[in-house]
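In: curious how this folds, go ahead:
(one chain, ligands or ions: 1)
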Amino acid sequence: MSNVKLAVIYYSMSGTNYELAKWAEEGAKEAGAEVRVLKVPELAPQSTIDSIDAWKAHVEATKDVPEVTSDDIEWADALIFSTPTRFGNMAAQMKQFLDTQGGLWGSGKTVNKVVSAMSSAQNPHGGQEATILSLYTSMMHWGAIIAAPGYTDPVLFAAGGNPYGTSVTVGQDGKMVEDVEAAVKHQAKRTIEIANKIKSN
Ligand SMILES: Cc1cc2nc3c(=O)[nH]c(=O)nc-3n(C[C@H](O)[C@H](O)[C@H](O)COP(=O)(O)O)c2cc1C
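Out: I've put the predicted structure just below:
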């Protein structure tokens, strides 16, 4: 059994990254971790959210999901981030959250967190890999330890084979194109396994 504490931190406008976060929670719990699923604070004006039905519905459906704070980062041994791809980068809401952790970073409390990241985009080559890598760049500044999935399990091939982190394509209908559930769970378990090793030493 693991005693790893995991924070799954996500942003989602229409539910995809929330679903990825929930699968990560399931996988990590199966690995024995204590898990918090947390959303980053919204930045968009309410009028913009209200103008898009899917966005409005998703905000309403997840209103009870707690918002992440610095305390959650401090609490966690491991972090899994999930963010939509926005112009080949992470969503501004996720970046804003990272950029408000300067105090935590300055006090050394981001060091040795084991981190992994996931993303989605509308196109199969819409920038998912770049998004995950940009998040990992920030994590290197945090002194975190990146737990990328690589090709550590055959389930990753069925999910599109992104070795940096699970990513998925979202069709015009809002549904995921690839079946990535098993890859997300594998990534979560691997993150917990590595965090467990770091904690035990
Ligand atoms: C402002 C904006 C920029 C986007 N940029 C890209 C992009 O660069 N490549 C792409 O394939 N999809 C892009 N998309 C589509 C999103 O990646 C897609 O809607 C998202 O992954 C769905 O995740 P969610 O359901 O968790 O919100 C963009 C969407 C928005 C609103």
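
In: from the ligand, how far out is E67?
Out: Going from E67 to the ligand by CB to the nearest ligand atom, to the nearest Å gives 16 Å. Just so you know, the C-beta spots here come from the backbone N, C-alpha and C atoms, and that holds for glycine as well.

In: which non-adjacent residue is nearest that residue?
Out: Among residues not flanking E67 along the chain, P41 sits closest, at 5.3 Å (CB to CB, 6 or more residues apart in numbering).

In: the one you found should be in a helix, yeah?
Out: No: checked against DSSP: H, G, I helix; E, B strand; the rest coil, P41 lies outside a helix; its state is coil.

In: which residues does it contact?
Out: E67, V68, Q93, Q96, F97 (CB atoms under 8 Å, 6 or more residues apart in numbering).

In: buried subset of those?
Out: Buried members of the contacts of P41, scored by 16 or more other CB atoms under 10 Å, are V68, Q93, F97.

In: how about the helix or strand that the last one is a member of and the ligand, any contact?
Out: Taking DSSP states H and E as the definition, F97 sits inside helix 92-99. No: using CB under 6 Å from any ligand atom, no contact is recorded between helix 92-99 and the ligand, whose separation bottoms out at 8.8 Å.

In: please apply the same query to stretch 22-40.
Out: No: judged by CB under 6 Å from any ligand atom, stretch 22-40 stays clear of the ligand, getting no closer than 10.7 Å.

In: what's the span of that stretch from first residue to last?
Out: The first and last residues of stretch 22-40 sit 15 Å apart, counting by CA to CA, to the nearest Å.

In: now do the buried residues in the helix ranked longest in the chain.
Out: Secondary structure assigned by DSSP state H gives helix 181-200 as the longest helix of the chain. Across helix 181-200, burial judged by 16+ other CB under 10 Å covers 181-196.

In: before we move on, the earlier item: between the buried ones among the contacts of P41, which sits nearest the ligand?
Out: Nearest to the ligand, judged by CB to the nearest ligand atom, of the buried ones among the contacts of P41 is Q93 at 10.3 Å.

In: quick one, strands of this protein?
Out: For the chain, the strands defined by DSSP state E cover 5-10, 34-39, 78-86, 89-90, 114-121, 145-146, 167-169.

In: which residue does the chain have closest to the ligand?
Out: G126 (1.9 Å).

In: before we move on, back to that, quickly name whichever of the buried residues of helix 181-200 is closest to N112.
Out: A195 (9.4 Å; CB to CB).

In: got the contact list for the closest one?
Out: Contacts of A195 by CB under 8 Å, 6+ apart are S2, V4, L6, A33, D77, A78, V114, A147.

In: in this structure A188 contacts L20, no?
Out: No: using CB atoms under 8 Å, A188 makes no contact with L20, being 9.9 Å away.

In: which positions in this structure make contact with the ligand?
Out: So far as CB under 6 Å from any ligand atom goes, the chain lies against the ligand at 12-17, 84-88, 120-123, 126-127, 170.
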